[in-house]
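Asker: how would this look folded up:
(one chain, ligands or ions: 2)
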Amino acid sequence: MQETVAAASGASLWPSCLDRLAQELPQQQFNTWIKPLDAQWTPDASCLTLLVANRFKMDWVRAQYAARIAAILEQIQGYPVQVELALAPRQAPVAQEFSGAIRAPIAGEEPVQTSASAVAQKAAEAAAPDAHRSRLNTVLTFANLVEGTANRMARAAALHVAGAPGQLYNPLFIYGGVGLGKTHLMHAVGNRLLEERPDAKVLYIHAEQFVSDVVKAYQRKTFDEFKQRYHSLDLLLIDDVQFFANKDRTQEEFFNAFEALLAKKSHIVMTSDTYPKGLADIHERLVSRFDSGLTVALEPPELEMRVAILISKAAAEGAEMPEEVAFFVAKNVRSNVRELEGALRKILAYSRFNLKEVSIPLAREALRDLLSIQNRQISVENIQKTVADYYKIKVSDMYSKKRPASIARPRQIAMYLAKELTQKSLPEIGELFGGRDHTTVLHAVRKITAERQQLTELNQQLHVLEQTLKG
Ligand code: ADP
Ligand code: MG
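Answerer: Numbers count the residues shown, from 1 in each chain. Ligands and ions are numbered 1, 2, ... in the order given. Predicted coordinates for the structure are as follows:
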């Protein structure tokens, strides 16, 4: 019993983590250190034990990868996962892998490949040649991307690009907060194009990996190869470009690749946590290029979309989620899809472990911790502090009489959020903002409400603030 449940709850989690690591790490590192790991879960999926073949590997994996693995799992799962390492029960062939002259790899150097993992790597490449070359995660497709108001426009643009790359909307710039489906959408574009044109040259790359490719090309003086690799693509999918901030050489290389690709009508799709002009420390000429095609936002999913996502993800796991339970969860977990997935995983694990049907009381029980955090009241003080930090003004300016726009506007935004996110009345809010009249608060609320409809920039900032405050 115990084991079946453990296998069920961790079943999709570890493969997702592996996918992520496969994208982040150089292939050789991944194949040598990560792929051979054996994953064992506790029934509630809160602790993962990774079995390694010998002590040497154990130390190396712990030092180099354990923290990252825990961080990825937490991201996927929505709550912390304890990662432990243990020696696998002795099995003749694996245990001998590092006998003989053991040499610890030097940081930054790729470890000597063992013959066993070399074979594994060849097999993997033969099995999925395109997935490997393109670094696409074949699981992330349009078919399992639920459509809703929040992503309709971005999805339509992405579909268009996948169907006719190099034509309209080039580059396509997709932005939005964490866990809203940017990476998913990107992979969907690549997977769709390869379905239709298997010979297309597609590359998915995280911006951090691009940075490290530039560094490597720099150290090894292999810029020609680097250029050849990037400039020959039909579709470049580059994720989280905000990571280019302050990396001058990377920005220059990216600019070159960008120009070369656009000139030969290859398509570029980018994502970021903010719209192009909101990007900090990226050269103006790049920013204006980013904005020269189509820029679309992914919004946090609305209630109905959250419900649909829960039901479809449960079905994908072979589980049934009654609609009223999906509504209950969707009402309580609001910020992003990744958190919804974490909540769903908890509920399914809980249901399997206790052999109980998925119901509202069960969901309430399974999400106890999460709900108590969500229900923590948002206070006006917290809003004032968060908004002041965000706009880099002093908290005391929230209740001061100062009137320059640089202060008055964040103050109005904070009043608006106080009205939206707390139960306080207008006079109470006015009181907490340095004894202001309730008409002042009302004016602020109306003004920001109206402007929010008009100004994408403001709308995006408010989304970020709301997400931060809701935790
Ligand atoms: P981001 O890159 O914006 O942080 P991801 O693309 O990693 O977000 O999405 C987080 C998780 O939510 C992924 O597992 C993804 O598959 C899922 N997801 C996001 N949007 C949707 C959607 N509309 N339908 C189904 N799953 C979604
Ligand atoms: Mg992402």
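
Asker: ok and the residue in the stretch 1-150 of the chain nearest ligand 1?
Answerer: For the stretch 1-150 of the chain and ligand 1, the shortest gap (C-beta to the nearest ligand atom) falls at Val146, measuring 3.6 Å. Bear in mind the C-beta positions are built from the backbone N, C-alpha and C, glycine included.

Asker: now do the chain
Answerer: Closest point on the chain to ligand 1, by C-beta to the nearest ligand atom, is Gly181, at 2.7 Å.

Asker: and that residue, how many neighbours?
Answerer: Neighbour count of Gly181, defined by other C-beta atoms under 10 Å: 24.

Asker: try the one 5 residues further on
Answerer: Here the count is done by other C-beta under 10 Å, and Met186 has 24 residues near it.

Asker: Strands along the stretch 51-200 of the chain, start to end?
Answerer: Taking DSSP state E, counting those that start in this stretch as the test, the strands found in the stretch 51-200 of the chain are 82-87, 172-175.

Asker: Columns mean pLDDT and distance to Phe290 on top of these, output as a markdown table?
Answerer: Output for the strands of the stretch 51-200 of the chain, formatted as a markdown table (pLDDT from 0 to 100; distance: least, C-beta to C-beta, whole Å):
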| stretch | mean pLDDT | distance to Phe290 |
| --- | --- | --- |
| strand 82-87 | 88 | 36 |
| strand 172-175 | 97 | 5 |
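
Asker: Mind checking those for the one nearest to Leu344?
Answerer: Nearest to Leu344 among the strands of the stretch 51-200 of the chain is strand 82-87; the distance by C-beta to C-beta comes to 20.6 Å.

Asker: Can you list the strands that the closest one pairs with?
Answerer: strand 47-52 (parallel) (DSSP bridges).

Asker: Phe210 reaches Thr250, doesn't it?
Answerer: Yes. Counting by C-beta atoms under 8 Å, Phe210 touches Thr250, with 6.6 Å between them.

Asker: Quick check: nearest residue in space to the residue in the stretch 151-300 of the chain that ligand 2 sits nearest to, chain neighbours excluded?
Answerer: Relative to ligand 2, the nearest point of the stretch 151-300 of the chain is Thr183 (3.2 Å; C-beta to the ion). Leaving aside its chain neighbours, Thr183 sits nearest to Asp239 (5.7 Å; criterion: C-beta to C-beta, 6 or more residues apart in numbering).

Asker: The one you found against Ile268, yeah?
Answerer: No. At 11.9 Å, Asp239 does not count as touching Ile268 under the criterion of C-beta under 8 Å.

Asker: still on that earlier bit, list the contacts of the residue of the chain closest to ligand 1.
Answerer: Leu145, Asn151, Leu298, Val337 (C-beta atoms under 8 Å, 6 or more residues apart in numbering).

Asker: Skipping its backbone neighbours, what lies nearest the third one in space?
Answerer: Right, the one you point to is Leu298. Distances taken as C-beta to C-beta, 6+ apart place Gly176 nearest to Leu298, at 3.2 Å, with adjacent residues excluded.

Asker: Spit out the contact partners of the one you found.
Answerer: The contact partners of Gly176, taken as C-beta under 8 Å, 6+ apart, are Ala154, Lys182, Thr271, Asp273, Ala297, Leu298, Glu299.

Asker: Across the sheet, point out what pairs with the residue nearest to Thr183.
Answerer: His206.

Asker: need the contact list for it.
Answerer: Lys182, Thr183, Met186, Tyr204, Ile205, His206, Ala207, Met270, Thr271.

Asker: Farthest pair within those?
Answerer: Every pair of the contacts of Asp239 checked by C-beta to C-beta; the farthest is Lys182 and Ile205, at 13.9 Å.

Asker: With neighbour numbers in mind, choose between those two.
Answerer: Lys182 (22 against 18).

Asker: Run a quick neighbour tally on the closest residue to the more buried one other than its chain neighbours.
Answerer: If the residues on either side of it in the chain are set aside, Lys182 comes closest to Thr271, at 4.0 Å by C-beta to C-beta, 6+ apart. Counted with other C-beta under 10 Å, the burial measure for Thr271 works out to 25 neighbours.

Asker: Can you verify my assumption that Thr271 contacts Pro171?
Answerer: No. The criterion here is C-beta under 8 Å, and Thr271 misses it with Pro171 at 10.9 Å.
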